[in-house]
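Enquirer: Give me a model of this one.
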Amino acid sequence: MSGNVVREKSFQNISITTAEGTQTLTRRLDIVDEDTFKGIEFKEYSSGKVYRSPDIRRENALDAELLDLEELDEIEWIFKGCEPSTPLRTDLESLGIKITLLP
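Expert: Next up is the predicted model:
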């Protein structure tokens, strides 16, 4: 990370297609390094697993759009004390999103 790190940066007016149709939403990432164009999403779930819920799928779609629009060059999802379900891991990996597991 560089010295230009921002906590909780929002990217507004990102359009994605969902089951409900085309939606224009805001994607908030927990940490963004504005010098290296890297975003970090931090997950800490007491259940031990993070599943591919509608909200998580929407975050994935917004992340894919941020990468496609070149708003960010890299996105990393950090899981502390939990891990992504197999379908969620597959989704993240297919987007080129880095997965980091912390105890």
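Enquirer: all helices of the protein, in order?
Expert: Remark: helices assigned in the chain by DSSP state H are 54-68, 86-94.
Enquirer: which of those is buried the deepest?
Expert: Ranked by mean neighbour count, the helices of the chain are led by helix 54-68 with a mean of 18 (mean count of other C-beta atoms under 10 Å). All C-beta atoms are positioned from the backbone trio N, CA, C, and that covers glycine.
Enquirer: what's the angle from that helix to helix 86-94?
Expert: Orientation of helix 54-68 against helix 86-94 (axes from the mean of the first three to the mean of the last three C-alpha atoms, to 10 degrees) gives an angle of 10 degrees.
Enquirer: just checking, what packs against helix 54-68?
Expert: Counting contacts by 3 or more C-beta pairs under 8 Å, 6 or more residues apart in numbering; DSSP states H and E, helix 54-68 is packed against strand 5-18, strand 21-33, strand 38-43, strand 74-80, helix 86-94.
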